[in-house]
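Peer 1: Attaching a predicted model along with its sequence, questions to come.
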There are 2 protein chains.
Amino acid sequence: MLTGAIFLHDAFTYTDKHIDGVPVAPLALNPERGGPKNLPVVKSYLSDLEDSEQSELCEKPHLVIVGGGWGAIGVINTLKTGDYHVTVVSPETYTTFTPLLPSAAVGTVQIRSLVEPLRKVIARLHGHLLHGKAIDLVMSERLLEVETVTTEGEKVNIYVPYDKIIIAVGSTAATHGVPGLENCYQLKTVGDAQKIRQRIIDNFEVASLPTTSAEERRRLLSFVVCGGGPTGVETAAEMYDLCQEDIMNYYPKMCRQDVSITVIQSREHILNTYSEAISQYAEKKFMHDGVGLVTNARVAAVTPTSVIYTKKGADGKPESHEIPTNFVLWSTGIAMNPFVARLSSLLPNQVHRKAIEVDAHLRVKGAPMGEVYAIGDASTIETSIVSHLLDLVDESDKNKDGKIDFEEWEDMVQKIKKRIPMSEEHLSRVRELFDLYDSDADNSLNLNELAVLLQEIGHKITALPATAQVAAQQGKYLGRKLSKVARQRSVLAANGLTTEAGVDEAVSSPFRYLHLGSLA
Amino acid sequence: MLTGAIFLHDAFTYTDKHIDGVPVAPLALNPERGGPKNLPVVKSYLSDLEDSEQSELCEKPHLVIVGGGWGAIGVINTLKTGDYHVTVVSPETYTTFTPLLPSAAVGTVQIRSLVEPLRKVIARLHGHLLHGKAIDLVMSERLLEVETVTTEGEKVNIYVPYDKIIIAVGSTAATHGVPGLENCYQLKTVGDAQKIRQRIIDNFEVASLPTTSAEERRRLLSFVVCGGGPTGVETAAEMYDLCQEDIMNYYPKMCRQDVSITVIQSREHILNTYSEAISQYAEKKFMHDGVGLVTNARVAAVTPTSVIYTKKGADGKPESHEIPTNFVLWSTGIAMNPFVARLSSLLPNQVHRKAIEVDAHLRVKGAPMGEVYAIGDASTIETSIVSHLLDLVDESDKNKDGKIDFEEWEDMVQKIKKRIPMSEEHLSRVRELFDLYDSDADNSLNLNELAVLLQEIGHKITALPATAQVAAQQGKYLGRKLSKVARQRSVLAANGLTTEAGVDEAVSSPFRYLHLGSLA
């Protein structure tokens, strides 16, 4: 409410009286400093005491969610109100319905319909939004370092304390070391979609100018997509649609005829992480529509006026090709965001190149148990079974003879499925596997035989794709589980579970992904 | 259509064959140079020959419309298809429903719903859009100089030939020489509205950060509007509404309480060009809402962190005041856009400070008759009657005695009303005026007496406000008239009208403004 004084026909002066209207903790106005860098520590928030619901939450465990995408929204929407004091840390103030960004880029979907203010989403939980970027994690003191920026652009770093933290920051684009990526567009945010739309329209306008040469016009109307994954293919398809209809009828026919769209893919087929049927359908559609497809090609550089790529010629030698263009979309896969890379570097057992590894309960491997979770593109669920070999043998070798007989193997299979649920489909033929890997046919598996078996099964597991669907399901799973953890804490304590170590297992099964079909 | 070759699994190569598909004039591909600066002259357009409708239009008079706002749209929507070869020159590719921009700035109206691509609007006329900025006018050769920009940002100037040209470029903001306007926001385009919205949200976010001091928070949430005209008042009111509802409920109460909105107005009242009732209503509403109103004040400077203004104190001496703020909207009236200023400088009889003067038929005064028109904020209709004195006497002094008797005066009044229709309401009491200004009571008006009479009536005429409504009505009037001119050309020629001089008068009455109420 606007309760400031009224300044009619008079000079404007500040009054302090209205400050008294809202109860506020002194710590929220003047945070104490602490932590390894002696930064302000946000123990209390401006609105912590503004009503009784907020005040009660201050006594609850502090849950910090880093990121505002699909994973974070999944958590927020499934957490029960009142279980946690929730803080969302995000460099954006809104969340975006990312799968429709390609449509927004070409204008078939309104951008406003794709976004929702994060503050609105967290209101149900009486949560807090901290507009800033996660920089570092001090796991020993449970402090998240966040970089905030004043409206003058000055950076101010602060610590946000947590009891539990969820890393849901997504990923950045993989560069593959290609030079000239500053000449490319990416499609990660609503701002990106707006820029792309503007660039396409600008290209058409300049192509329509009487002083533009025929060669330059073709370059302006040549659109190149690097990457044959879902985003790239979807954007190429949307661009084709844009060129077919609507606004294009208002440009000179000459321009419409000069349009070319090219997708460059490093693999033999586009959409290669999808089923062959989807991949073939997309290729056929592109062929029919005249969308150029360059496969088995490697982008060597992007210049301000062209894309250079190499592809093996008829003689098997790599040949260099150049496509003149004035619009290049870069969409060739994901890499770790700097915060995730930093977290990964802090944990010696983290060796994955593209994401932080979590266990089947989405806990970051190597971090204090039950305190640090990661979901969505930022994370990848472990697929290695062999690294659990000794624990598994220890648990299943009932007679302690150092070997696993068939009965013990049946038990071990159950334990493997629990630890690595994605192994399930590869463990259905229990007897067959046992016989197959029992090389010395002694009707038991020794450590060597087991190691080979587990390694080979591990290799068969495909990591989950970096999609909105996976992130959202992980978020929902985690939100539900953390509310259960909060509510059953006293029950668990009565049963002797006083640490965070086994709590997740006690209240919930591991995460399971349910594929619901693709938008592309 | 995408008729380019298909490049499946192969290198991308250009083919020239599809160029042959669309007929195109060689001049459209390689424009000749000419004019005083020897620039490319756009005699032919890319799409001129693409179908029979376009080809036929090439033989019609070339009408160039400069600008894409209310005035231009009014012309485009009322012109009949087939009368002119139409080209719209605009630095924007879309037109904007400007009266709703204040709502878009605070987010109550979706931005997409405010814009319409210009190419779509001109499609009915088979018109052309030239994406560029008007720079200069060569009236002797009927060439408009346009600055176009390549996608690399390089400027390329060209000449666009015209038979008739309509200046509808709007205005820029008056600076009044105040320093620091780079610290202000303006609200002229959709881009402005988006930036303002972002700034308001950023201010609220930073105000919510735990490291922001109480003083800084109040500064961040202090919104100042310089100018008490319709845009300023409307924006202040929209900001108040924004702070009352919706998204604001999701920020800490402390922030909502710290919001202040201040309007600084140089006159005694806001909305002073409107009726007193509207002005009073707005002031009462602001008082009730706690929106600060500083009247009779002059903004002296805008700094990055405050607005400084002067206002007479109780002792009559000007006192300096400072309002800490992080958002200043500048909306204090209009000034000539550089192209209009240039045109004005080319015409020695043009002396108006804020706009180009046109006659009652909206023809630019001093430019070749019937060739150059101006409408909307860029123009102002002449209100001076006394400058027509000698012509009027020449026409109405039937007995050529150098004096005007009452019968001649009655005739002259009709002629004045025709030249300066806005004088009408001040000329209703014909006899009374005649007697009042017949100082020597000789029952006739001599030149001196007439000069005083016409001057005083001229002063009573109020110029039309710089509003969307005026621009739109002028555009519609002009579009209808120009279509009549085109269709009656042969009739007019048969009646001896072979020049452009009297054509407008022959087909149409002068422009009359009909006030339809205000949105504010």
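Peer 2: Nice, I can see it. Because the structure is predicted, anything quoted here is derived from the model rather than measured.
Peer 1: Report the buried residues of the biggest helix by length in chain A.
Peer 2: When chain A is parsed with DSSP state H, its longest helix is helix A:468-487. Residues of helix A:468-487 classed as buried by neighbour count (16 or more other CB atoms under 10 Å in any protein chain shown): A:468-486. From N, CA and C alone the C-beta is placed, and that goes for glycine too.
Peer 1: The residue of the stretch 351-500 of chain A found nearest chain B: what's it in contact with?
Peer 2: Nearest to chain B in the stretch 351-500 of chain A, going by CB to the nearest CB, is residue A:479, at a distance of 19.5 Å. Neighbouring residues of residue A:479 by CB atoms under 8 Å, 6 or more residues apart in numbering or on different chains: A:74, A:75, A:76, A:77, A:78, A:79.
Peer 1: Outline the domain layout of chain A.
Peer 2: A:25-173+A:334-382+A:465-520, A:181-332, A:384-461 (automatic domain parsing).
Peer 1: will you turn the ones you listed into TSV that also has mean pLDDT and distance to residue B:461?
Peer 2: Converted to TSV, the domains of chain A look like this (pLDDT from 0 to 100; distance: least, CB to CB, whole Å):
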stretch	mean pLDDT	distance to residue B:461
domain A:25-173+A:334-382+A:465-520	89	45
domain A:181-332	89	42
domain A:384-461	91	83
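Peer 1: Which of those sits closest to residue B:500?
Peer 2: Evaluated over the domains of chain A, closeness to residue B:500 peaks at domain A:181-332, with 26.9 Å, by CB to CB.
Peer 1: Let me see the ranges of the helices in the stretch 151-300 of chain A.
Peer 2: Applying DSSP state H, counting those that start in this stretch to the stretch 151-300 of chain A gives helices spanning A:190-207, A:214-220, A:230-244, A:253-258, A:276-289.
Peer 1: I'd like to know which of the ones you listed is closest to residue B:343.
Peer 2: It's helix A:190-207; of the helices of the stretch 151-300 of chain A, that one is closest to residue B:343 (CB to CB) at 24.8 Å.
Peer 1: For the stretch 101-250 of chain A, which residues are neighbours of chain B?
Peer 2: A:110-112, A:117, A:119-120, A:122-123, A:129-132, A:148-152, A:156, A:158, A:199, A:201-203, A:205-206, A:208-211, A:213-214, A:218, A:220, A:240, A:243-244, A:247, A:249-250 (CB under 8 Å from any CB of the partner chain).
Peer 1: List buried residues within the residues you listed.
Peer 2: Buried among those (16+ other CB under 10 Å): A:111, A:117, A:119, A:122, A:129-132, A:148-151, A:156, A:158, A:199, A:201-203, A:205-206, A:208-211, A:218, A:220, A:240, A:243, A:247, A:250.
Peer 1: ranges for the strands of the stretch 101-250 of chain A?
Peer 2: For the stretch 101-250 of chain A, the strands defined by DSSP state E, counting those that start in this stretch cover A:115-117, A:128-131, A:133-138, A:143-149, A:155-161, A:164-167, A:171-173, A:222-226.
Peer 1: same thing with the stretch 351-500 of chain A?
Peer 2: Using DSSP E, counting those that start in this stretch, strands in the stretch 351-500 of chain A cover A:356-358, A:372-374, A:379-381, A:404-405, A:444-445.
Peer 1: and the fourth one, what does it pack onto?
Peer 2: Using 3 or more CB pairs under 8 Å, 6 or more residues apart in numbering or on different chains; DSSP states H and E as the contact definition, the elements that strand A:404-405 packs against are strand A:444-445.
Peer 1: re earlier: got the CA coordinates for the longest helix of chain A in PDB?
Peer 2: C-alpha atoms of helix A:468-487 as PDB (Å, rounded to 0.1, in the frame of the first residue of the first chain):
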ATOM      1  CA  ALA A 468      12.400 -30.000 -19.400                       C
ATOM      2  CA  GLN A 469      10.400 -33.200 -18.800                       C
ATOM      3  CA  VAL A 470      13.300 -34.900 -16.800                       C
ATOM      4  CA  ALA A 471      13.900 -31.700 -14.800                       C
ATOM      5  CA  ALA A 472      10.200 -31.200 -14.000                       C
ATOM      6  CA  GLN A 473       9.800 -34.900 -12.900                       C
ATOM      7  CA  GLN A 474      12.900 -34.700 -10.700                       C
ATOM      8  CA  GLY A 475      11.700 -31.400  -9.200                       C
ATOM      9  CA  LYS A 476       8.300 -32.900  -8.300                       C
ATOM     10  CA  TYR A 477       9.900 -36.000  -6.900                       C
ATOM     11  CA  LEU A 478      12.200 -34.000  -4.700                       C
ATOM     12  CA  GLY A 479       9.500 -31.600  -3.500                       C
ATOM     13  CA  ARG A 480       7.300 -34.400  -2.400                       C
ATOM     14  CA  LYS A 481      10.100 -36.300  -0.800                       C
ATOM     15  CA  LEU A 482      11.400 -33.200   1.100                       C
ATOM     16  CA  SER A 483       7.900 -32.500   2.500                       C
ATOM     17  CA  LYS A 484       7.700 -36.200   3.700                       C
ATOM     18  CA  VAL A 485      11.200 -35.800   5.300                       C
ATOM     19  CA  ALA A 486      10.000 -32.700   7.100                       C
ATOM     20  CA  ARG A 487       6.800 -34.300   8.400                       C
END
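Peer 1: ok, back up a step: tell me which of the strands of the stretch 351-500 of chain A is the most buried.
Peer 2: Comparing the strands of the stretch 351-500 of chain A by mean neighbour count (mean count of other CB atoms under 10 Å in any protein chain shown), strand A:372-374 comes out on top with a mean of 27.
Peer 1: Distance check, residue A:289 against residue A:270.
Peer 2: 13 Å (CB to CB, to the nearest Å).
Peer 1: With neighbour numbers in mind, choose between the two.
Peer 2: Set residue A:289 next to residue A:270 and count neighbours by other CB atoms under 10 Å in any protein chain shown: residue A:270 wins out with 25 against 16.
Peer 1: count of residues packed around the nearest residue to that one once chain neighbours are set aside?
Peer 2: Nearest residue to residue A:270 in three dimensions, chain neighbours excluded: residue A:228, at 3.3 Å (CB to CB, 6 or more residues apart in numbering or on different chains). Neighbour count for residue A:228, taken as other CB under 10 Å: 30.
Peer 1: Does residue A:228 touch residue A:268 like I think?
Peer 2: No: Residue A:228 lies out of contact with residue A:268 (CB atoms under 8 Å); the separation is 9.8 Å.
Peer 1: Quickly list what's touching both of these two.
Peer 2: Common contact partners of residue A:228 and residue A:268 (CB under 8 Å, 6+ apart): residue A:295.
Peer 1: quick one: residue A:137 and residue A:169 touch, right?
Peer 2: No: if you go by CB under 8 Å, residue A:137 and residue A:169 don't touch, sitting 11.4 Å apart.
Peer 1: between those two, what contacts are shared?
Peer 2: In contact with both residue A:137 and residue A:169: residue A:339, using CB under 8 Å, 6+ apart.
Peer 1: Let's have the domains of chain A in JSON lines, adding distance to residue B:320.
Peer 2: Converted to JSON lines, those look like this (distance: least, CB to CB, whole Å):
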{"stretch": "domain A:25-173+A:334-382+A:465-520", "distance to residue B:320": "24"}
{"stretch": "domain A:181-332", "distance to residue B:320": "40"}
{"stretch": "domain A:384-461", "distance to residue B:320": "71"}
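Peer 1: looking at these, which is closest to residue B:330?
Peer 2: Closest to residue B:330 of those is domain A:25-173+A:334-382+A:465-520 (CB to CB; 17.8 Å).
Peer 1: What distance do you get for whichever residue of the stretch 51-200 of chain A sits closest to chain B to residue A:68?
Peer 2: Here the stretch 51-200 of chain A gets closest to chain B at one residue, residue A:119, 3.4 Å apart by CB to the nearest CB. Separation of residue A:119 from residue A:68 (CB to CB): 10 Å.
Peer 1: now swap in residue A:250 and tell me
Peer 2: Distance from residue A:250 to residue A:68, by CB to CB: 37 Å.
Peer 1: And residue A:197, by the same measure?
Peer 2: 23 Å.
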